[in-house]
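Chemist: Structure here, sequence nowhere to be found:
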């Protein structure tokens, strides 16, 4: 079964819109785990516009499943990860003013930087993953950095599926997944996956270890309920 890691950034955005502590991110993380999710993901940005660094620290003592922290490895982010030592860190090349992640790493251009950063994390026993586009060359470049896994950036797949072009949309992801397996890399995926497109993706992508889903899952939960939606994803990932 492919593991489900729930990104709770959207809950943080909702909380920050009114101040205070509603919804409570700590209680939400506990609940999401109790509903069956196998991981909690956060993506703190330098301006802390949704996930605050203190919340990340508070979650460290709460998350009983896999704790995954993703973000651009600027010094502040690196220091946070080394302090908390989560089970996994996912390196994402997003700009400080990005609304959401919109591209994977050029693992050839940034290979030396990525290799040095990954060595720091792995020396502390933290599993690493690199966010990449579904391009075999970028997966192969990631393998040269010493990373443990890659996370496929799935926006293009989601757009293709919405346009009724599932076979065409999934094809580059299948090839990227095969490249990851050839190079001994674990495979994660995320971005714009939802209840409508997750089953097809899971069925076609070989060796898929984990998906990280946040925006769609929380939006769907407004209609269907958080516990119900978590279990709907788990059913599709079996």
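Modeler: Yep, it's here. None of the values given here were measured: they were computed from a predicted structure. Numbering: from 1, shown residues only.
Chemist: any idea which helix or strand carries residue 76?
Modeler: helix 75-84 (DSSP states H and E).
Chemist: quick check: mean pLDDT across that helix?
Modeler: Averaged over helix 75-84, pLDDT sits at 97.
Chemist: ok now that helix, how far from the chain's centre?
Modeler: For helix 75-84, the separation from the chain centroid amounts to 17 Å (computed by C-alpha atoms, centre = their mean, to the nearest Å).
Chemist: Can you classify the residue lying closest to residue 93 once chain neighbours are set aside by secondary structure?
Modeler: Residue nearest to residue 93 in three dimensions, not counting chain neighbours: residue 105, with 5.1 Å by C-beta to C-beta, 6 or more residues apart in numbering. Using the backbone N, CA and C atoms, a C-beta is placed for each residue, glycine as well. When classified by DSSP: H, G, I helix; E, B strand; the rest coil, residue 105 comes out as coil.
Chemist: was I right about residue 105 contacting residue 131?
Modeler: Yes: using C-beta atoms under 8 Å, residue 105 is in contact with residue 131, at 6.2 Å.
Chemist: what about this protein, any weak spots by pLDDT?
Modeler: Residue ranges of the chain with pLDDT under 70: 95-102.
Chemist: Quickly find the element holding the one residue sitting closest to the centre of it.
Modeler: Here the mean C-alpha position of the chain is nearest to the C-alpha of residue 212 (C-alpha atoms, centre = their mean), at a distance of 4.1 Å. Using DSSP H and E, residue 212 sits in strand 208-213.
Chemist: shared neighbours of residue 105 and residue 131, anything?
Modeler: Jointly contacting residue 105 and residue 131 under the rule C-beta atoms under 8 Å, 6 or more residues apart in numbering are 91, 93.
Chemist: Counting neighbours, go ahead and name the busier of those two.
Modeler: residue 131 (28 against 24; other C-beta atoms under 10 Å).
Chemist: how far away is the more buried one from residue 197?
Modeler: 19 Å (C-beta to C-beta, to the nearest Å).
Chemist: Same check on residue 38?
Modeler: 20 Å.
Chemist: ok, residue 24 - how many residues close by?
Modeler: 13.
Chemist: which residues does it contact?
Modeler: Applying C-beta under 8 Å, 6+ apart, we find residue 24 in contact with residue 15.
Chemist: So residue 228: helix, strand or coil?
Modeler: Classified using three-state DSSP, residue 228 is helix.
Chemist: In contact with it, which residues?
Modeler: Counting by C-beta under 8 Å, 6+ apart, residue 228 makes contact with residue 221.
Chemist: just the one 3 residues further on next, same as before
Modeler: By C-beta under 8 Å, 6+ apart, residue 231 lies in contact with 35-36.
Chemist: element containing it?
Modeler: helix 226-237.
Chemist: Residue 78 against residue 124, yeah?
Modeler: No: with contacts counted by C-beta under 8 Å, residue 78 stays clear of residue 124, the gap being 10.7 Å.
Chemist: So these two - more neighbours on which side?
Modeler: Neighbour count, other C-beta under 10 Å: between residue 78 and residue 124, residue 78 has more, with 17 against 10.
Chemist: Which residue ranges of this structure form strands?
Modeler: Secondary structure of the chain by DSSP state E: the strands cover 3-7, 39-42, 66-71, 88-91, 127-132, 149-153, 186-190, 208-213.
Chemist: The longest helix anywhere in the chain: which residues count as buried?
Modeler: Secondary structure of the chain per DSSP state H: the longest helix is helix 166-182. Buried positions in helix 166-182, judged by neighbour count with 16 or more other C-beta atoms under 10 Å: 166, 169-170, 172-173, 176-180.
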